[in-house]
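*Asks:* here is a sequence with its predicted model. Questions after.
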Amino acid sequence: MLKKKASNIVLDTAQHTWKKRPSEIRGYQRTFYITSEDGDYIRVDYNLKDKRVRLYVEIEEEGGNAYYSVITDGKITAERSVSTGRSFGFTEKFRERAMIFSTLPNSQVLKLINRNYGIQRGKAVEKEKPQTEKEKLLKETKQRYFKPEFYQAGEDEGRAGGRIFKTLGLVDLIDFMIGLLIAGSVFLYFGYSYIAMGVAAAFFGIIIGFVDMFFRGRSPVISKVGFFLLSGAVLYVYGYFL
């Protein structure tokens, strides 16, 4: 049976076992699924070739509210509530069920999950070194919103830079045009003030980064955010000493 211990839901595998079938979700090969004694439906879709895993839970005590998380190449790349469409803030839904996920009968899939949400192979989850809530939040925020090349040490800077600029799409070009238009309008409105223009550009860079994370559900494009922040700083300094 299922028992709650220290906010983790523990699975008695003697009564509940994972089942396997081909995945009906595009981009995934197969899926494991299980229904807990409490009525929670839990499934894991995976694609070993693309190194991608999708964790999914329907929580009975919430009336069947559903949540999913996508882990690509060991990093959390998406979190979403199927019921509300919100794209962040559901870490505990998966962390509380880490023990169940850790019983998956496939070591390759567990390796792809890469210990996110405290999910480890077999009973290793029980021996996980305790972390403070601040440490957990910092680690999972970094994994959720930033791509590996932004924080992994030892990467080749030229290669990382190339990957950053490759992420630019049509929406990013539109953001550039909007940012330039806003900065230019502020420049004219405040009587050709480079200081005002610099502040507007930097502020837009910060805002567009948050828009990418919290409304578009993706990592912020560093080249775009950095352009407006750096340009804003340069314009502010130039206007201050002009």
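*Replies:* The structure has been received and is ready for your questions.

*Asks:* could you pull out the helices for the chain?
*Replies:* 91-95, 98-101, 107-113, 133-145, 157-166, 170-189, 194-214, 222-241 (DSSP state H).

*Asks:* what is the first one packed up against?
*Replies:* Helix 91-95 sits against strand 52-59, strand 65-72, helix 133-145, with contacts defined as 3 or more Cβ pairs under 8 Å, 6 or more residues apart in numbering; DSSP states H and E. The way it works is simple: take the backbone N, C-alpha and C, and place the C-beta from them, glycine included.

*Asks:* any idea how far Phe190 is from Val171?
*Replies:* 29 Å (Cβ to Cβ, to the nearest Å).

*Asks:* if you could redo that for Gly27, that was the one I meant.
*Replies:* 22 Å.

*Asks:* between those two, who's got more neighbours?
*Replies:* A direct count of neighbours by other Cβ atoms under 10 Å for Gly27 and Val171 places Val171 higher, at 14 against 11.

*Asks:* before we move on, the earlier item: the helices of the chain: which one's closest to Thr35?
*Replies:* Closest to Thr35 of those is helix 98-101 (Cβ to Cβ; 10.6 Å).

*Asks:* what residues of the closest one count as buried?
*Replies:* 98-101 (16 or more other Cβ atoms under 10 Å).

*Asks:* any stretches of the protein with poor pLDDT?
*Replies:* The model of the chain has pLDDT under 70 over residues 1-16, 88, 122-168, 217-218.

*Asks:* can we see that at 50?
*Replies:* 1-8, 10, 13-15, 123-130, 147-166 (pLDDT under 50).

*Asks:* tell me the contacts of Gln108?
*Replies:* The contact partners of Gln108, by Cβ atoms under 8 Å, 6 or more residues apart in numbering, come to Leu48.

*Asks:* so how far is Arg21 from it?
*Replies:* Applying Cβ to Cβ to Gln108 and Arg21 gives a distance of 17 Å.

*Asks:* do the same with Tyr238
*Replies:* Tyr238 is 63 Å from Arg21, by Cβ to Cβ.

*Asks:* comparing the two, which shows the higher neighbour count?
*Replies:* Per other Cβ under 10 Å, whichever of Tyr238 and Arg21 has more neighbours is Tyr238, with 13 against 10.

*Asks:* isn't the more buried one right up against Ser193?
*Replies:* No. Contact between Tyr238 and Ser193 fails when scored by Cβ atoms under 8 Å: they sit 11.0 Å apart.

*Asks:* so what's in contact with these two at the same time?
*Replies:* By Cβ under 8 Å, 6+ apart, no residue touches both Tyr238 and Ser193.

*Asks:* quick check: beta-bridge partners of the residue nearest to Thr17 when sequence neighbours are not counted?
*Replies:* For Thr17, ignoring the flanking residues on the chain, the nearest one in space by Cβ to Cβ, 6 or more residues apart in numbering is Ile34 at 7.1 Å. When bridges are called by DSSP bridges, Ile34 pairs up with Ile42.

*Asks:* please consider this matter closed, and thank you.
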